[in-house]
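S.K.: any chance you could fold what I've pasted below:
(one chain, ligands or ions: 1)
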Amino acid sequence: MYSRSFCLRLYKQDKRGELTIIWYKKLEINLKNIKKNLRAIKNFLPANTQILPVIKNDAYGHGLLEVARVLSEEKVFGFGLSEPEEAFVLRKEGFSQPILLLSGFEKDWLSEMYTLKITPVVTSLNTFEWLRNFVKNRNVKWRFHLKVDTGMHRFGIDLEELDTLIEKMKNSSYFFLEGVMTHLSCAEKPEHELTQLQLENLKKVLERLKINGINPKYVHFANSGGIIFLTEKGNLVRPGISIYGSYPSFKARELVKLYPVMSLKSRIVEIKKIKRGEYAGYGPNFRAQRDTILGLVPVGYGDGYPRILSNRGFAYYKGKKVHVVGNVSMKALYLDITEVEKPQIGDEVILLGGDNEEVPVDKLAELAETISYELFCSLGKSIPREYKYA
Ligand SMILES: Cc1ncc(COP(=O)(O)O)c(C=O)c1O
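M.R.: The predicted structure is shown next:
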């Protein structure tokens, strides 16, 4: 008897009624590698630098709680998120570290954020006013961080508004500025004029605050790229992608060794032998140039595997690199397995990651004309995850 659970896992029931999972696609999440990556990053940091890992969007598709748990064991300062829902989940599960909502907040969130001790990040005069009214009306004290737009022009207060903000801050005793942050557009390119400009602008902001007697405890601007490439890193850093074992750029591979955390594995579920000149798949977008053996794998764009990898992607099968041929469909793709010895239905294939980084995410992302972040997030949405702790 087979049944399908809500999370799309197939189970097989034996005679005694025991259920075992029949996996045919899964995301293996190697949590031990998160620890290894964190330690690799620490090597770039002066002692006493605090770490605020960014675990927004379900920890970049790796699973919010599992990742938060393993990072907590490494005594990180706190967590960086974007959305309050994820912060509430962490608090409900007992995580007591500081949580920063890095992209600001809505007025309506403040009450719950205060109750749950979530640190607000002020990103505009508007959000400052909301916060000011909240603490004043409640007659409470609350620490906050200030995000400054130093040139990326995403979230963050405009430089021209800084003096107004400083005046308002000086007139309020209800809260204090614990940290000043900015986000760099291309920290992995330290020589880029925008990186230089952003760092210069941040320096000016800190000077203006200092002149006004405001000295935040934390200054933070370094994401993974910043940690690896910048000389100055601030005293709090916000790594994301590197924790998950992907490099902020190909150049970073020369400077640090990271370990893949997410591996996408599946099985050959059908084998087709086609003759030279025959077609396969939708379109049809593949015509065999030789007699060809195709392995059908039940993973497609409906699972977050990009369709653009049609005739472009690659995988690992029995220790060999094999190529995606034909159009990726919603729930299936073809691999050309002509060169593989004795292919069998049920054999495992690695579509991403792997213990020895057989399918590097940044290389697959490049072929898919995207970035590893997007691949992680897309795949992490629907494929069942299996956690490895060792
Ligand atoms: C404000 C902020 N800080 C840090 C990070 C982490 O960046 P990365 O994943 O490149 O290390 C992000 C990611 O989007 C971010 O938005």
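S.K.: okay, CA-based contacts and neighbour counts for the rest of this
M.R.: Noted.
S.K.: surely Ser382 and Asp303 touch.
M.R.: Yes. Between Ser382 and Asp303 there is a contact at 5.9 Å, judged by CA atoms under 8 Å.
S.K.: spell out which residues are contacts of both of those two.
M.R.: Residues touching both Ser382 and Asp303 by CA atoms under 8 Å, 6 or more residues apart in numbering: none at all.
S.K.: confirm for me that Ile41 is in contact with Ile227.
M.R.: Yes. With contact defined as CA under 8 Å, Ile41 counts as touching Ile227 (7.3 Å).
S.K.: ok, these two, which is more surrounded?
M.R.: Between Ile41 and Ile227, Ile227 has the larger neighbour count (other CA atoms under 10 Å), namely 24 against 20.
S.K.: quick one: contacts for the more buried one?
M.R.: Residues counted as contacts of Ile227 (CA under 8 Å, 6+ apart) are Ile41, Phe44, Leu45, Lys233, Val237, Pro239.
S.K.: may I have the predicted confidence score for it?
M.R.: The model reports Ile227 with a pLDDT of 98.
S.K.: any idea which helix or strand carries it?
M.R.: helix 224-229 (DSSP states H and E).
S.K.: is any part of that helix close to the ligand?
M.R.: Yes. Against the ligand, helix 224-229 shows contacts by CA under 6 Å from any ligand atom at Ser224.
S.K.: identify each buried residue in the helix ranked longest in the chain, please.
M.R.: When the chain is parsed with DSSP state H, its longest helix is helix 193-211. Going by neighbour count (16 or more other CA atoms under 10 Å), the buried part of helix 193-211 is Leu194, Thr195, Gln198, Leu199, Asn201, Leu202, Val205, Leu206, Arg208, Leu209.
S.K.: just put these in a markdown table and tack on distance to the ligand.
M.R.: Converted to a markdown table, these look like this (distance: CA to the nearest ligand atom, whole Å):
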| residue | distance to the ligand |
| --- | --- |
| Leu194 | 16 |
| Thr195 | 14 |
| Gln198 | 14 |
| Leu199 | 15 |
| Asn201 | 17 |
| Leu202 | 14 |
| Val205 | 17 |
| Leu206 | 18 |
| Arg208 | 22 |
| Leu209 | 21 |
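S.K.: quick check: phi and psi at Leu146.
M.R.: Phi and psi for Leu146, reported as degrees, to the nearest 10, are phi -110, psi 130.
S.K.: mind checking pLDDT for it?
M.R.: The score at Leu146 is 98. That number is its pLDDT.
S.K.: repeat that for the one 4 residues further on.
M.R.: At Thr150, the pLDDT value in this model is 97.
S.K.: re earlier: for PyMOL, write the select line for the buried members of the contacts of Ile227.
M.R.: The buried residues among those can be selected in PyMOL (16+ other CA under 10 Å) with this line:
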select buried, resi 41+44+45+233+237+239
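S.K.: ignoring the adjacent residues along the chain, who's closest to the most centrally placed residue in the chain?
M.R.: In the chain, the centroid-proximal residue (CA atoms, centre = their mean) is Tyr60; its distance is 2.8 Å. Leaving aside its sequence neighbours, Tyr60 sits nearest to Cys377 (CA to CA, 6 or more residues apart in numbering; 5.3 Å).
S.K.: return the residues in contact with Leu264.
M.R.: Counting by CA under 8 Å, 6+ apart, Leu264 makes contact with Lys25, Lys26, Leu27, Glu28, Ile350, Leu351, Leu352, Gly353, Gly354.
S.K.: who's in contact with the longest helix of the chain?
M.R.: By CA under 8 Å, 6+ apart, the residues outside helix 193-211 that reach it are 148, 150-152, 159, 162, 166, 182, 184-187, 189-190, 215.
S.K.: rounded mean pLDDT for that helix, please.
M.R.: Here helix 193-211 scores 97 as its mean pLDDT.
S.K.: around Lys75, how many other residues sit close by?
M.R.: Counted with other CA under 10 Å, residues neighbouring Lys75 total 11.
S.K.: next, it: secondary structure please.
M.R.: Using DSSP: H, G, I helix; E, B strand; the rest coil, the structure places Lys75 in coil.
S.K.: roughly how far does it sit from Leu335?
M.R.: Lys75 sits 43 Å away from Leu335, going by CA to CA, to the nearest Å.
S.K.: residues from this protein in reach of the ligand?
M.R.: Residues of the chain lying near the ligand by CA under 6 Å from any ligand atom: Val54, Leu102, His183, Asn223, Ser224, Arg238, Pro239, Gly240, Ile241, Ser242.
S.K.: can I get the residues you listed in JSON lines with secondary structure?
M.R.: Converted to JSON lines, those look like this (three-state DSSP):
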{"residue": "Val54", "secondary structure": "strand"}
{"residue": "Leu102", "secondary structure": "coil"}
{"residue": "His183", "secondary structure": "coil"}
{"residue": "Asn223", "secondary structure": "coil"}
{"residue": "Ser224", "secondary structure": "helix"}
{"residue": "Arg238", "secondary structure": "coil"}
{"residue": "Pro239", "secondary structure": "coil"}
{"residue": "Gly240", "secondary structure": "coil"}
{"residue": "Ile241", "secondary structure": "coil"}
{"residue": "Ser242", "secondary structure": "coil"}
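S.K.: check the residues you listed against Ala368 and report the nearest one.
M.R.: Ile241 (17.7 Å; CA to CA).
S.K.: tell me which helix or strand the residue of the stretch 251-390 of the chain found nearest the ligand sits in.
M.R.: For the stretch 251-390 of the chain and the ligand, the shortest gap (CA to the nearest ligand atom) falls at Tyr373, measuring 7.4 Å. Using DSSP H and E, Tyr373 sits in helix 372-382.
S.K.: how about Glu66?
M.R.: Glu66 is part of helix 64-73, with elements assigned from DSSP H and E.
S.K.: next one: that helix to chain centre, how far?
M.R.: Relative to its parent chain, helix 64-73 has a centroid offset of 14 Å by CA atoms, centre = their mean, to the nearest Å.
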